[in-house]
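> coords please:
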Amino acid sequence: MANCRRTHRAAVGLCVLALGLSGSPRTRAEEPEAALFIRGDANVDRKTTIADVFLILRYLSLGSSIACKSAADVDDNGRIEQLDALLLLGSLFYRHAPPPPPYVKAGTDPTPGDGLGCRQGLRRGLGGNVGADAPGAGAVKICDDDSWGADLELIHFRGPILAYPGESRVRVPIQMRSPGELEGFTISLHAESPHIELQKLDMAGTIIAAERPDWTHTYTGEAEAGYLSASVALSMSAPFRTLPPLNDEAVAFLELGISPDAPVGETLEVSFEDLPGDDAMRPISNEVSRRGFSQQLGACGLRIQIVSGEDLFVRGDVNRDRLLNLTDVIVALTALFLGGSEGSDLPCPDAADVDDSGSVDLTDAIGLASYLFGWAAAPRSPYPDAGRDTTADLLGCAE
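Prediction:
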C-alpha cells in the first residue's frame, strides 16, 4: 500500500511510495555482480547525486543512454518517468523518505520481472569523489589551489581571511574553475570548530543568479553538526542549459559567524566535506555534473585567522556588517549631522574614512555613494577584504 507524505512546497509536491514490495530478492551470491545496483544511481558510479537526476531527465527528454534502468526507476513501479527524478531530488536534498531497496547499500532488484534490468553493474576504480562507499571519502583538505590543472574542475575560497571574535555575517566568495558545460553542482561545507557558525550559502550577485536556475536548494538540517550544503540545477528540462567556462568566477557566497570566545591568534578552517549519510540516507556530496555524470572535482577550503577586532575593518563598511550598501552611507551621514564631531559616534571611524584622508567628513559619504552607483573608484585599502589601516591617523575603531 502506498504511503505519500506531505512535504515542503519547494519540493514540488514530492512524495515517496511505501516499500510494499512483493517477492523475495535473491541473495548476492546467487546474482551476478552486474545486476547489483543502488536505487537512484542511474549512472552506476556507486553514489546517488544530482548527476543521476540529470541523467534520468536526459533519458526522458533526449533519449540519453542509461546503463541501469532499474536504478533509474526510483519508485520501483516498473517505469522511468519524471517523478523518479523528483523523488530522487527529495530524498537527496530535502532528506525525505528514502527510495525502495536496494538503498542505501547496493543490492539486487526485488522486482526483477519489470523488464528494466541493468546493462552494466556498478563501476569500479572511479577517480575523484566516490562518496561514502570509498574509505576516507568525503573530506577534502585545505589545499593550494594553484596546484590544480586548468582542465580540472576546481571549487575554492579566495585565500585566508581575517576575522575577530564575535564578528557575524562574514561574507566570503566561493569560486569555481571549469572548462564549461556544467549543468549543475552541489556544495557541501563543514566547520569542525565550535567557534564557527555556518549561517548561509547565498548566490545573489554571482554568475549563478545571472543564469536564473530552475532549481536551487540549501539544506541546513545538520547545522548543529557544522554542515551546510546547497545544490543548483540550471534547468530541469530540455534544452538543458549549462554554465560557460569559468575562471575563478564566484558561484556562491558563504556567510559565517565567529563566536565571541574564539581565541585570538588561532586559525580556523572550513572544508568542503560531504554531509554524511546513514542507514537510510545517502550523503550529500560535493559534485559538478556534465551530461549526467559527475566530474573529477578539486576543492580548497577556507582558513580564518582570528585577530583582535580593535583595528580590523573593511573600508566603507560603516556599520560593521561586512557588506557595503546604502545603509553604510545613511549611518555615516547620521553620525556626521546628528552625532559627534568627525563621526565620533561611529563604531569604527577608520571604516567610514572612505578616502583614507585621516578624517571622516561629507566627502567620504559622497564617495561611498558614488562608488555604490558605479560613478567612482572603490574605497581605499583594506577593501574588499578586512585588514588593518596602513596610514597613520587618530581614527581607529572603538570596538
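
> going forward, measure contacts between C-alpha atoms and count neighbours the same way
Noted.

> Enumerate every residue touching Leu333.
Taking Cα atoms under 8 Å, 6 or more residues apart in numbering, we find Leu333 in contact with Leu362, Ala365.

> Checking it next. Helix, strand or coil?
For Leu333, the assignment made with DSSP: H, G, I helix; E, B strand; the rest coil gives helix.

> Relative to Ala378, how far out is it?
Distance from Leu333 to Ala378, counting by Cα to Cα, to the nearest Å: 19 Å.

> And what about Arg58, helix, strand or coil?
If you use three-state DSSP, then Arg58 falls in the helix class.

> how close does the closest residue to it other than its chain neighbours get to Phe54?
With Cα to Cα, 6 or more residues apart in numbering as the criterion, Arg58 has its nearest non-adjacent residue at 5.6 Å, and that residue is Ser64. Ser64 sits 10 Å away from Phe54 when distances are taken as Cα to Cα.

> Comparing the two, which shows the higher neighbour count?
For Ser64 and Phe54, the more surrounded residue by other Cα atoms under 10 Å is Phe54, and the numbers stand at 26 against 14.

> thought that one was touching Thr242?
No. Under the contact definition of Cα atoms under 8 Å, Phe54 does not touch Thr242, with a separation of 11.8 Å.

> quick check, the residue nearest to Arg58 in a helix?
No. Secondary structure assignment places Ser64 outside any helix; it is coil (three-state DSSP).

> Can you check the pLDDT for it?
With respect to pLDDT, Ser64 has a value of 94.

> same thing with Tyr164?
87.

> need the contact list for it.
Ile258, Ala262, Val264, Ile306, Val307, Ser308, Gly309, Leu312.

> so what's the fourth one bridging to?
With beta bridges defined as DSSP bridges, Ile306 has these partners: Ala163.

> and what of the first one?
Ile258 forms beta bridges with Ile196, as assigned by DSSP bridges.

> can you give me the strands in the stretch 101-250 of the chain?
Secondary structure of the stretch 101-250 of the chain (DSSP state E, counting those that start in this stretch): strands located at 139-140, 153-157, 161-163, 170-178, 184-190, 196-202, 215-219, 227-233, 246-258.

> Let me have the ones you listed in TSV, extended by distance to Ser285 and mean neighbour count.
Below are these laid out as TSV (distance: least, Cα to Cα, whole Å; neighbours: other Cα atoms under 10 Å):
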stretch	distance to Ser285	mean neighbour count
strand 139-140	10	19
strand 153-157	13	23
strand 161-163	25	20
strand 170-178	16	21
strand 184-190	6	24
strand 196-202	16	21
strand 215-219	12	17
strand 227-233	9	24
strand 246-258	17	19
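
> wait, which of those strands is closest to Asp385?
Asp385 lies closest, by Cα to Cα, to one member of those: strand 161-163, at 7.2 Å.

> helices or strands next to that closest one in the packing?
Other helices and strands packing on strand 161-163, by 3 or more Cα pairs under 8 Å, 6 or more residues apart in numbering; DSSP states H and E, are strand 302-306.

> Just the CA coordinates for the strand it packs on, please, in PDB.
The C-alpha coordinates for strand 302-306 follow below in PDB (Å, rounded to 0.1, in the frame of the first residue of the first chain):
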ATOM      1  CA  LEU A 302      39.000  28.300   3.800                       C
ATOM      2  CA  ARG A 303      41.400  29.400   6.600                       C
ATOM      3  CA  ILE A 304      40.200  32.000   9.000                       C
ATOM      4  CA  GLN A 305      42.800  33.800  11.100                       C
ATOM      5  CA  ILE A 306      41.300  35.200  14.400                       C
END
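
> Show me which pair in the contacts of Tyr164 is furthest apart.
Of all pairs drawn from the contacts of Tyr164, the greatest distance, 15.3 Å, lies between Ala262 and Leu312 (Cα to Cα).

> Next, the buried residues of stretch 233-246.
By 16 or more other Cα atoms under 10 Å, the buried positions in stretch 233-246 come out as Ala233, Leu234, Ser235, Met236, Phe240, Arg241, Thr242, Leu243, Leu246.

> With respect to Leu60, which of the residues you listed is nearest?
For the buried residues of stretch 233-246, the minimum distance to Leu60 (Cα to Cα) is 11.1 Å, reached by Met236.

> Phi and psi next, for that closest one.
The phi and psi torsions at Met236 (degrees, to the nearest 10) take the values phi -110, psi 10.

> Pull the residues that contact stretch 227-245.
Outside stretch 227-245, the residues touching it (Cα under 8 Å, 6+ apart) are 50, 54, 57-58, 61-62, 93, 177-191, 198, 200-201, 211-220, 222, 275, 284.

> So Ser61: helix, strand or coil?
Under three-state DSSP, the three-state class of Ser61 is helix.

> May I ask which two of the buried residues of stretch 233-246 are separated the most?
With distances taken as Cα to Cα, the most widely separated pair in the buried residues of stretch 233-246 is Met236 and Leu246, at 21.4 Å.
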